[in-house]
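Engineer: Need coordinates for the following:
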Amino acid sequence: AMAQAALGAAGLHFDEVNKLRVLEPEVAAQTAQLREECRAFVDKTAEFQKIVGSLIELVDQLAKAAESEKMKAIGARNLLKSIAKQREAQEQQLQALIAEKKMQLERYRIEYETLCKIEADQNEFIDQFIFQK
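Structural biologist: Have a look, this model is predicted:
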């Protein structure tokens, strides 16, 4: 016991298997426990970093997918706008064509009326010519 006290004063201790140690057994045990806790903490931190990394990757993929869908939607909207413009242009062309055909119809109607009047005049002239004979 005296030898142990003298060694203890010099900062040397025996552990449970009677090995000479610089640290007190209790301090050595606490150090080992702290080392294990640190290792567990480092492992958990690494695991957390992995989870965060895969989460960031997933969010990036979702952002890319959303961007891609947005571009598709913009493309579809632009296509619809251009189709609507084409339809509008076609409608205007058809309206112009209708107006042109209406004018042509009116010209033909006037021409027809004129020809009917000429025919009536000529028939009247022929009738008068025949009756004179």
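Engineer: Could I get the full set of strands for this structure?
Structural biologist: 13-14, 20-21 (DSSP state E).
Engineer: pLDDT (mean, whole number) over the first one?
Structural biologist: For strand 13-14, the per-residue pLDDT values average out at 66.
Engineer: For K102, give its distance to Y108.
Structural biologist: As judged by CB to CB, to the nearest Å, K102 and Y108 stand 11 Å apart. Quick note: C-beta positions are derived from backbone N, CA and C, even for glycine.
Engineer: scratch that, Q132
Structural biologist: Distance from Q132 to Y108, by CB to CB: 36 Å.
Engineer: which of those two has more neighbours?
Structural biologist: Y108 (10 against 6; other CB atoms under 10 Å).
Engineer: distance of that one from S54?
Structural biologist: Y108 is 79 Å from S54, by CB to CB.
Engineer: what do you get for Y112?
Structural biologist: For Y112, the distance to S54 equals 85 Å [CB to CB].
Engineer: Equivalent analysis for E106, please.
Structural biologist: Look at E106 and S54: by CB to CB, they are 77 Å apart.
Engineer: now do Q90
Structural biologist: Taking CB to CB, one finds Q90 at 53 Å from S54.
Engineer: Give me the helix or strand of this protein that scores worst on average pLDDT.
Structural biologist: Lowest mean confidence among the helices and strands of the chain (mean pLDDT, DSSP states H and E): strand 20-21, at a mean of 62.
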